[in-house]
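Participant: I'll drop the sequence and a predicted model, then ask my questions.
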Amino acid sequence: MAERRKATGSGEDSLSRHILPNAGTMVGVCTTLIGLVKIAEGWIGPSHVDEAAALTAILFLVSAIASYLSIRLGNGGDLPVSLERCADICFVIGLIGLTLIAVLFAYETI
């Protein structure tokens with residue numbers, strides 16, 4: 001039987017230590033996307049892709065902040081675990097949102 005890993009927020013291999021750098025990178029990806037869309041709007045006309053990308057950037061920022069606090073609060077009880085769970089959920093929702101934005105933009109829906 002596989003043993004379930006307990007989310008702690010303080011261990012060497014905690015989920016928060018993986019989420020934090022990746023969430024920061026995804027904020028950068030969203031920022032780059034916004035810049036590229038602003039440049040492309042001159043040719044393709046106005047779209048809402050930049051607004052949607054900004055919302056996903058906020059999700060990734062919340063994820064990064066929650067994972068950072070989870071690491072910093074380490075052994076403080078249930079709060080680091082809750083923050084790590086929040087970081088995980090926001091990160092996954094951000095990834096899903098960014099993927100939907102890409103698909104809808106590719107099909108010129110947004």
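Facilitator: Great, that's in hand.

Participant: distance of the residue positioned nearest the centre of the chain relative to Val37?
Facilitator: Closest residue to the average C-alpha location of the chain: Phe60 at 2.7 Å, with C-alpha atoms, centre = their mean. Distance of Phe60 to Val37, computed by C-beta to C-beta, to the nearest Å: 17 Å. In short, each C-beta sits where N, CA and C put it, glycine included.

Participant: same thing with Arg17?
Facilitator: Taking C-beta to C-beta, one finds Arg17 at 32 Å from Val37.

Participant: which of those two has more neighbours?
Facilitator: Val37 (20 against 16; other C-beta atoms under 10 Å).

Participant: show me what the one helix or strand that one maps to is packed against.
Facilitator: Following DSSP states H and E, one finds Val37 within helix 16-44. Counting contacts by 3 or more C-beta pairs under 8 Å, 6 or more residues apart in numbering; DSSP states H and E, helix 16-44 packs against helix 49-73, helix 78-106.

Participant: quick one: mean pLDDT over the shortest one.
Facilitator: Taken as a whole, helix 49-73 has a mean pLDDT of 97.

Participant: report the inter-axis angle for that helix versus helix 78-106.
Facilitator: If you take axes from the mean of the first three to the mean of the last three C-alpha atoms, to 10 degrees, helix 49-73 sits at 160 degrees to helix 78-106.

Participant: re earlier: dump the residue contacts of the residue nearest to the centre of the chain.
Facilitator: Listed by C-beta atoms under 8 Å, 6 or more residues apart in numbering, the contact set of Phe60 reads Ala23, Gly24, Met26, Val27, Cys30, Cys90, Phe91, Gly94.
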